[in-house]
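> What follows is a protein structure lacking sequence information:
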């Protein structure tokens, strides 16, 4: 149990209860400590869901996308959020430094293989990607955001239209392999394949030289005009790669792998088309900045799209004039949509933003996800965050009542999530929807 405004004589009594809230405790935090209180006190536990909440959605400038273990390619039109197009920029590295391609090597084909890990949207829509060689260096130690672009040469290496098959195995020669997208980079020109086969020995001696010689690839998606999907690929160590198929004077069937390794710099570029294709309600709130519309609906979108700002303007006045002990404080938001064709995010992230604009975790987040929350409950269609210690610090005057931000992609870890969700706002406007509103539920006891 957390304590606020306790008078000194009561403090020693309730210190016993504090010890029951260690992170290792597996009991329900809503009931911990109640058996230690006199029965008359447990009967006086109060519950409130009337804390004032002001919220509205806003466009995110960008999201960090470097060093993620997945990459996203494709174009998708959401009926509410509009069009999103994702492109991938990546280095590739030699699987073994100093390769020797033999006497009189000749290119058979150069294939970019990207291993599928998932998709979001309609995979029956035909997608198109164009591939170019980078003319600008990438740096593994640099930070790359989703609005970043890099220069590439004008030579088009591939222009592929394809139907995504993220769950179908692929037959390569006579071997059945995991679902993958294969882009032939030698149909239009043998330029890049020959550049590798006939590279100066010094450029193949070490990867640090190779990535200066071949700086990387830009895999650019073309916008779709209906439906579409965002396709996720595995960029973990060596799962996706460039494959050189060649022959030489000694052998007529050889291949050499140039994978995307853990040391490769890569990032995603996301284009939301300035939300020109979004629904009118969405545009009024997010493009025209009508924050009052947050009373009806709130929006969240991954990939540097949309986040929701939450204020608790009067929380410092909660039970003003009374000494209280708070058992729990839960921030709850509910999925507005009952149609689950587009799955909501499995998890949401809740952070606070200080007066300098820096994002910080709430103190409760240190207890771990099982305590803090944020995971989607399919049955209730809700996300809940336990913010008890955050509220405690505000009431005690030891913490700031900073604005909270709810988002899909974690700003601290480069994990990219394509999904989105629409939430019920602060004042839905109908009695039947009142319980669905974004709210803070507080359980507490008055001590005077």
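Received it, and whenever you're ready, just let me know what you need. Note that the structure is predicted; figures quoted are calculated from it, not measured. Numbering: from 1, shown residues only.

> going forward, measure contacts and count neighbours with C-alpha atoms only.
Will do.

> Would you agree residue 354 is in contact with residue 402?
Yes. If you go by C-alpha atoms under 8 Å, residue 354 and residue 402 touch, sitting 5.9 Å apart.

> where exactly do the helices run in the stretch 1-150 of the chain?
Listed in chain order, the helices of the stretch 1-150 of the chain (DSSP state H, counting those that start in this stretch) span residues 8-18, 39-42.

> By mean pLDDT, show me the worst of those.
Averaging pLDDT over each of the helices of the stretch 1-150 of the chain singles out helix 8-18 as the lowest, with a mean of 37.

> what's near enough to touch residue 50?
Applying C-alpha atoms under 8 Å, 6 or more residues apart in numbering to residue 50 gives the contacts 439-441.

> Find the nearest non-adjacent residue to residue 266, please.
Excluding the flanking residues, the one nearest residue 266 by C-alpha to C-alpha, 6 or more residues apart in numbering is residue 90, at 4.0 Å.

> again, but for residue 193
Excluding its sequence neighbours, the residue lying closest to residue 193 (C-alpha to C-alpha, 6+ apart) is residue 110, at 5.7 Å.

> For residue 444, list each beta-bridge partner.
residue 46, residue 326 (DSSP bridges).

> tell me the contacts of it?
Listed by C-alpha under 8 Å, 6+ apart, the contact partners of residue 444 are 45-47, 324-328.

> at 7 Å instead, please
Applying C-alpha atoms under 7 Å, 6 or more residues apart in numbering, we find residue 444 in contact with 45-47, 324-327.

> Buried residues of the helix or strand harbouring residue 334, list them for me.
Using DSSP states H and E, residue 334 falls within strand 324-334. For strand 324-334, a neighbour-count test (16 or more other C-alpha atoms under 10 Å) marks 324-334 as buried.

> can you tell me which two in these are farthest apart?
Using C-alpha to C-alpha, those span at most 28.5 Å, a distance reached by 324 and 334.

> tell me which element the residue lying closest to residue 406 once chain neighbours are set aside is part of?
Closest residue to residue 406 apart from its sequence neighbours, by C-alpha to C-alpha, 6+ apart: residue 350 at 4.6 Å. Secondary structure from DSSP H and E places residue 350 in strand 349-353.

> in the sheet, who's paired with residue 232?
Applying DSSP bridges, one finds that residue 232 bridges with residue 72, residue 118.

> That one touches residue 117, doesn't it?
Yes. Between residue 232 and residue 117 there is a contact under C-alpha atoms under 7 Å: 5.5 Å.

> Neighbour count for these two, which is higher?
Remark: of residue 232 and residue 117, residue 232 carries more neighbours, 22 against 18, as counted by other C-alpha atoms under 10 Å.

> for the residue lying closest to residue 299 once chain neighbours are set aside, helix, strand, or coil?
Closest residue in space to residue 299, ignoring its immediate chain neighbours: residue 422 at 4.7 Å, by C-alpha to C-alpha, 6+ apart. Using DSSP: H, G, I helix; E, B strand; the rest coil, the structure places residue 422 in strand.

> From here on, call the first residue 841.
Right, with 841 as the first residue, what we last looked at is residue 1262.

> which ones are touching residue 1262?
Residues in contact with residue 1262 (C-alpha under 7 Å, 6+ apart) are 1137-1140, 1175-1177.

> which of the residues you listed tops the neighbour count?
Each of the contacts of residue 1262 was scored for neighbours by other C-alpha under 10 Å, and residue 1138 scores highest at 30 neighbours.

> what's the helix or strand for it?
Counting by DSSP H and E, residue 1138 is part of strand 1137-1141.

> what angle do the helix or strand just after that strand and strand 1189-1193 make?
Per DSSP H and E, strand 1137-1141 leads on to strand 1146-1151 as the next helix or strand towards the C-terminus. Interaxial angle, strand 1146-1151 versus strand 1189-1193 (axes from the mean of the first three to the mean of the last three C-alpha atoms, to 10 degrees): 60 degrees.

> What count of nearby residues applies to the closest residue to residue 1107 other than its chain neighbours?
Spatial nearest neighbour of residue 1107, chain neighbours left out: residue 906 (4.4 Å); criterion: C-alpha to C-alpha, 6+ apart. Number of residues near residue 906 (other C-alpha under 10 Å) recorded here: 25.

> ditto for residue 1209
The number of residues packed near residue 1209 is 14, by other C-alpha under 10 Å.

> show me the residues around the residue nearest to residue 1033 that make contact.
Under the contact definition (C-alpha under 7 Å, 6+ apart), the residues listed for residue 950 are 1024-1026, 1033, 1083-1085.

> with those residues in mind, which one is nearest to residue 1058?
Ranked by distance to residue 1058 (C-alpha to C-alpha), the contacts of residue 950 are led by residue 1025 at 12.0 Å.

> My guess is the closest one contacts residue 998. True?
Yes. Contact criterion C-alpha under 7 Å: residue 1025 and residue 998 qualify, at 5.2 Å.

> if we can go back for a sec, switch the contacts of residue 1284 over to a markdown table; also include distance to residue 1181 and pLDDT.
Formatted as a markdown table, these follow (distance: C-alpha to C-alpha, whole Å; pLDDT from 0 to 100):
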| residue | distance to residue 1181 | pLDDT |
| --- | --- | --- |
| 885 | 41 | 88 |
| 886 | 39 | 91 |
| 887 | 36 | 92 |
| 1164 | 45 | 85 |
| 1165 | 43 | 84 |
| 1166 | 39 | 87 |
| 1167 | 38 | 92 |
